[in-house]
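A.B. asks: Turn this into a structure:
(2 chains)
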Amino acid sequence: MNFLKKLTYLFIAVLILASCSNDDDSGDPVLPLGDYENGILITNEGPFGTGTGTISFISEDNSTNEGSIFQNVNESELGNIVQSIGFNGDNAYIVVNNSHKIQVVNRYTFELVATIDTGLINPRNFVAVENSGYVTNWGDPFDDADDFVAVIDLTTNTIVETISVDFGPEKLITDRNNVYVAHKGGYSQNNKITIIDTSNNTVNSTVDVGDVPNSMVLIDNDLWILCGGNPSFATTETNGSLVKLDLNSNNLIQTFDFNNTTDHPSSLTIYGSNLLYNLNGSVFSVDVDTPSIPTTSILDGSFYTMTANGGKLYATDAGDFASNGTLKVFDLSTNTEVESYTVGIIPGGIYFN
Amino acid sequence: MMKRYLFILFTFCFSATSMLAQLDSIQNLDEVVVVDAKLTKYSEGFKVRSISDTLVSRNNTSLTDVLRFNSSIYFKENGYGMVSSPSFRGTNASQTAVIWNGISINSNLNGQTDFNLIVPNAADHITIRSGGGSVQYGSGAIGGSVHLNNKISFKKAQENELELSHGSYETSKFNFRRITSSKSMYSSVNVNYINSLNDYKYIDKELKNENGAFQKLNVGYNFGARFNNHILTWNSNYFYGDRDFSSSITAPSNNNYKDVTTRNLLTWIMKSNQFISKVKTAHLFERYRYFPDKDKLQFSEGKTNTYIADYSLEYFASEKLKFNTTLNYTLIDGKGSNIDSNKRNTLSAVILMKHNISSKLSYGVNVRQEFLNDFENPLLISLDGKYQIKPWYAIKMNASRNYRVPTFNDLYWDAGGNIDLIPETSLQAEIGNVFNFSDLELSLNGFYIDSKDLISWRPNETGLWQPINIAETQNYGLEFSSEFSKRINQHALSLLMSYSYTKAINKEKNKQLLYVPFHKATGLLQYQYKNISFNYQLLYNGEVFTTTDNIGIVEDYLVSNIGLEYQLNTNKTPITLGGNINNLFNIYYENVAYRPMPDRNIKIFINFKF
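C.D. replies: Below you'll find the model as predicted:
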């Protein structure tokens, strides 16, 4: 059994992902839309293999910290390895990796709207473009040639098309008519961004970036991509890099290499005109107007994922990966921790309702 | 280190050169010859319990089932028939040694035995030895050890036994054994096969156990020859297991796992008045193949070949004092998709001493030192004693220092393996009380185990999972067992009960370890009238924790089985017909979170002896 357990741990280790950087505005609701209207949603992967992931809700006014909200509302299990959430209108699309499905819920009430469980194989992340949802899928994780992006018709919640892509597609982000897919590389490593034209759902081009692109953010006409570099157990360990892609030309225009091959940054997020990321137990900040790799950090901590929002940095600690994790909140004007909440097992995604 | 080596060498020579006194009773070679002396003669202060053949036959699907219903060992079974890891006195799966005819057969890859890959009918005796046994049996015997022994006896006999059974989920079993023996020869062959779809329904759910089918084939051969003062024995066992790994409530699966193990052991025993010398050579092979998608050919694998040369000399210094010294050389050659190709050499020296001060009081002192290429090993010591205070009451005590060496996966796994690991060590002590009345036997044991440098896989600063010697645990608890039997005319009644309370604390968090129940109880009521017998089996398994903060739990459960047997032909070729209903009350229970166990199921069997 130990062998499997270890294998599982390894899987989990490679499953590390930063938060989805869906910068969607939740509109300006006037009437209460549901119990989970104003607050933070945390996806907790849950234990691998057996068990279920959960979603925690922390209300904006700090009055509520509720775990397992999907289960509480729907009285059914959410699924194994809750990977991420994507949003469209009033709906939240909860991507459940190891159950190979997406649970569609109302993002404010968390009532189940639909379950999409046909055609997804190890789904990872979701992004909506108008009436279509785009979902990255690893396919068989041990097969590098069957990876795809599934296209979902959001009115029927069925998969209408699949787009074959390079191996290990992970995060995706949309701008204009394009979807940008970062190929982190599944259980191994990759170094590509696939650009999908959503008008005809074909691959427009593929751009080589640094090794292991793990997180992306959009600022004006630029797509900033943080590449973690190949980890120590890869054939060749490489340093991480921060890459800037021009969205007009879809060309790579700048690359900032980290100093050491052992530097593997993660969790790129935006704070004003700054890019924040996590590296070697610290959080660093880069001004996008005068970009360079900083040498001094703004605060300490090693996080499973982190996302900045409203002048605060939300960061999770998965602890021993076998018990409830923690969400920490830092005030970015003083760089000090202001709040801490208990969340579920392996908190891997932070979203704002 | 050198000093220690010299000490052992000295003692070894000393015990081999003195030439005094005479023999004790063990030389009654006309009956049973091959016994594991370490188990029978040098474990007096330990709780050693045999599981009778009847009990084995009742739950003979797997060793998991035999021990789950008949001992206080807890099993974490990943869905029925899937990977099954024991927790003996709250220790982890690699801290329970499985010993086949005196040799440890725990996997060198992951350190443990999957109890669903052991076919219980292949052994003649299944014995549970509680408490630390690393001195006698090497790495891993921390919580206790489970012994699978084949009997070789020299008396004229010819026995054949055939059992066929069929039951729910298209489960079919075939067990055959043939023994032929004379005053100078012994040979037995056994063939065991089981095949099951294992697609039970999850009670109150719209799901069934998908992808859970398994089949297992085991062939064993045991041979003995005796001439003058020499005995030659040969034990072989071949196993093939093919299992789909079942889905859970929340995750589908299309995995498959194939295991092959072979074991061969050649022993040459020579006895003289004061000595019994044993030369053993053995070869063990294990291989797993894991198919993440069974519809594809792609798999990962790991295998090891183990070569053992072992010399032991038992010396009877006097009627009351005996020594057993052993020198053992083991070479393990491991290879695998994730562990590359690596070898381990181990030389170990063991001295066991047993002294009967009087007919009531005895004690033993046992020492082991190993010399390995990978790491330095602690000196292991074990002390035990037994005092028969009254004819009906005895007290047993033991204390020992035990260890578990890092496995090939721990050391070499790509990525994460850590070659700087050191062995886990534990100190333990136990007191046992045994009460023997005419119809009733009671035992009450209290144990304490303190372990350190436990190997635990954790993410390092770069997020890579690596094993490190970090965890410390403290286990303590109580075990109670009772056996009552009474025969009046043609009525026979027996009642077996056990209860254990186990506290296993992770010192870092001060919480109970994952998947260790505080409470476990078993019960068995048997009633026989003439040639009809009835039995009722009961298992209570307390709640277990699934998260290290003890928030996630798997609820406790109580399962009942019943069985009825009828012997058709009570003369020399008896035929027994029988049936069992397992999970009689059709309760829903999980052994591992989100992995339901079977609903009510039946089995019928027929057994021929000829």
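A.B. asks: Chain neighbours aside, what residue packs nearest to residue 294?
C.D. replies: No chain specified, so I'll use chain A. A:Phe284 (4.9 Å; CB to CB, 6 or more residues apart in numbering or on different chains). Every residue, glycine included, has its C-beta placed from N, CA and C.
A.B. asks: wait, I meant chain B there
C.D. replies: Take B:Lys294 and drop its neighbours on the chain: the residue closest to it by CB to CB, 6+ apart is B:Asn256, 3.7 Å away.
A.B. asks: Give me the three-state assignment for the one you found.
C.D. replies: Three-state call for B:Asn256 (DSSP: H, G, I helix; E, B strand; the rest coil): strand.
A.B. asks: Quick check: which helices or strands does the helix or strand hosting B:Glu479 pack against?
C.D. replies: Using DSSP states H and E, B:Glu479 maps to strand B:465-488. Under the contact definition 3 or more CB pairs under 8 Å, 6 or more residues apart in numbering or on different chains; DSSP states H and E, strand B:465-488 sits against helix A:2-14, strand B:440-459, strand B:491-506.
A.B. asks: shaky segments in the chain?
C.D. replies: The chain I'm using is chain A. A:1-30, A:49 (pLDDT under 70).
A.B. asks: The chain in question should be chain B.
C.D. replies: Scanning chain B for pLDDT under 70 picks out the ranges B:1-35, B:373, B:461-462.
A.B. asks: give me the residue from it nearest chain A.
C.D. replies: Among all residues of chain B, B:Ala415 sits closest to chain A, at 2.7 Å; criterion: CB to the nearest CB.
A.B. asks: hang on, isn't that residue packed against A:Asn230?
C.D. replies: No. B:Ala415 is beyond contact range of A:Asn230, at 11.3 Å (criterion: CB atoms under 8 Å).
A.B. asks: The two: which has the busier surroundings?
C.D. replies: Using other CB atoms under 10 Å in any protein chain shown as the criterion, B:Ala415 and A:Asn230 rank with A:Asn230 on top: 22 against 15.
A.B. asks: With adjacent residues omitted, what lies nearest to the residue nearest the centre of chain B?
C.D. replies: Nearest residue to the geometric centre of chain B (CA atoms, centre = their mean): B:Val146, 2.3 Å. In this structure, B:Val146 finds its nearest non-sequential neighbour in B:Val98, 5.1 Å apart by CB to CB, 6+ apart.
A.B. asks: need the contact list for that neighbour.
C.D. replies: B:Ser104, B:Ile105, B:Asn106, B:Thr113, B:Phe115, B:Ile118, B:Ser145, B:Val146, B:His147, B:Leu148 (CB atoms under 8 Å, 6 or more residues apart in numbering or on different chains).
A.B. asks: repeat for B:Val516
C.D. replies: Residues near B:Val516 by CB under 8 Å, 6+ apart: B:Tyr74, B:Ser87, B:Gly90, B:Thr502, B:Ala504, B:Val544, B:Phe545.
A.B. asks: so how far is A:Ala322 from the last one?
C.D. replies: With distances taken as CB to CB, to the nearest Å, B:Phe545 is found 10 Å from A:Ala322.
A.B. asks: which of the two has more neighbours?
C.D. replies: B:Phe545 (22 against 18).
A.B. asks: partner residues bridging that one?
C.D. replies: On the basis of DSSP bridges, B:Phe545 is bridged to B:Ile553.
A.B. asks: Would you check that B:Met270 makes contact with B:Asn229?
C.D. replies: Yes. Assessed by CB under 8 Å, B:Met270 is found in contact with B:Asn229 at 5.9 Å.
A.B. asks: the more surrounded of those two?
C.D. replies: Set B:Met270 next to B:Asn229 and count neighbours by other CB under 10 Å: B:Met270 wins out with 15 against 12.
A.B. asks: does that one have beta-bridge partners, and which?
C.D. replies: B:His230, B:Ser277.
A.B. asks: which residues sit in contact with it?
C.D. replies: Taking CB under 8 Å, 6+ apart as the test, what B:Met270 contacts is B:Asn229, B:His230, B:Ile231, B:Ile276, B:Ser277, B:Lys278.
A.B. asks: and these, which are buried?
C.D. replies: Buried by 16 or more other CB atoms under 10 Å in any protein chain shown: B:Ile231, B:Ile276, B:Lys278, out of those.
A.B. asks: mind checking how far the first one is from B:Thr127?
C.D. replies: In other words, B:Ile231. 21 Å.
A.B. asks: Next: the last one.
C.D. replies: In this structure, B:Lys278 and B:Thr127 are separated by 19 Å, where distance is defined by CB to CB.
A.B. asks: What does B:Phe69 show for phi and psi?
C.D. replies: Phi and psi for B:Phe69, reported as degrees, to the nearest 10, are phi -90, psi -10.
A.B. asks: That one: how many residues sit nearby?
C.D. replies: 21.
A.B. asks: ok, B:Asp310 - contacts?
C.D. replies: So B:Asp310 contacts B:Lys278, B:Val279, B:Lys280, B:Thr281, B:Ala282, B:Thr326, B:Leu327, B:Asn328, B:Tyr329 (CB under 8 Å, 6+ apart).
A.B. asks: Name the strands paired with the one helix or strand it maps to and say parallel or antiparallel.
C.D. replies: Using DSSP H and E, the element containing B:Asp310 is strand B:300-316. Applying DSSP bridges, strand B:300-316 is found paired with strand B:275-291 (antiparallel), strand B:321-336 (antiparallel).
A.B. asks: So for B:Gln567, which of those sits nearest?
C.D. replies: B:Gln567 lies closest to strand B:275-291 among the strands paired with strand B:300-316, at 39.0 Å (CB to CB).
A.B. asks: so how far is stretch B:492-501 off the chain centroid?
C.D. replies: 20 Å (CA atoms, centre = their mean, to the nearest Å).
A.B. asks: Give me the contact list for that stretch.
C.D. replies: So stretch B:492-501 is contacted by B:70-72, B:477-487, B:518-529 (CB under 8 Å, 6+ apart).
A.B. asks: and A:Gly168, backbone torsions?
C.D. replies: phi 70, psi 50.
A.B. asks: Right, I'll call it a day here.
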